[in-house]
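Got a sequence here, can you build the structure:
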Amino acid sequence: MRENEHLTKLGSKTKYSMDYDPDVLECFENKHPGNDYFVKFNCPEFTSLCPITGQPDFGTVYISYVPSEKMVESKSLKLYLFSFRNHGDFHEDCMNIIMKDLIKLMDPKYIEVWGKFLPRGGLSIDPYCNYGKPGTKWEQVAWERLTHHDMNPERVDNR
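Numbering: from 1, shown residues only. Model (predicted):
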């Protein structure tokens, strides 16, 4: 039962952080740690600020992970992603920060984070990062996916 997992965001009045805040992330126990399966999140309303101009950047963030013992709670993830709204950083940095914060929270077997940002000045940026837990088959999967040339989050076959 989720009631015993000390989730403070789920079912409570939503309080939004106006600054980057990894402390809002919460996790719960994976009931199927022996199974390898993907959990996917798509955030089509991600915003952050350009660190140079201060203008907002808009994009979609795709997060896919293979859980180990812990899983991220979705409302806390929404609040966390919202906390980037006033955060000034480049797209590539935001995606790597998100990935590293989720690794720290969950220690997943595998994770990938992909940002597809709307064009500004005729150029869009789509930073992709991934991680496979060292010593597992997912370490090799991470390398293979990173070096795959036809990556498209809508078409990629998540093995």
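
Tell me the buried residues in the least confident helix or strand in the chain by mean pLDDT?
Sorting the helices and strands of the chain by mean pLDDT, DSSP states H and E puts helix 137-146 at the bottom, at a mean of 90. Neighbour counts over helix 137-146 (16 or more other Cβ atoms under 10 Å) mark Trp138, Val141, Ala142, Arg145 as buried. No exception for glycine: its C-beta is placed from N, CA and C like everyone else's.

swap in stretch 100-111?
Buried-residue list, stretch 100-111, by 16+ other Cβ under 10 Å: Asp101, Leu102, Leu105, Met106, Pro108, Lys109, Tyr110, Ile111.

Could you give the separation of the longest helix seen in the chain from the chain centroid?
In the chain, assigned by DSSP state H, the helix with the most residues is helix 91-106. With Cα atoms, centre = their mean, to the nearest Å as the basis, helix 91-106 stands 6 Å off its chain's centre.

what's it packed up against?
strand 56-66, strand 70-72, strand 110-117, strand 128-132 (3 or more Cβ pairs under 8 Å, 6 or more residues apart in numbering; DSSP states H and E).
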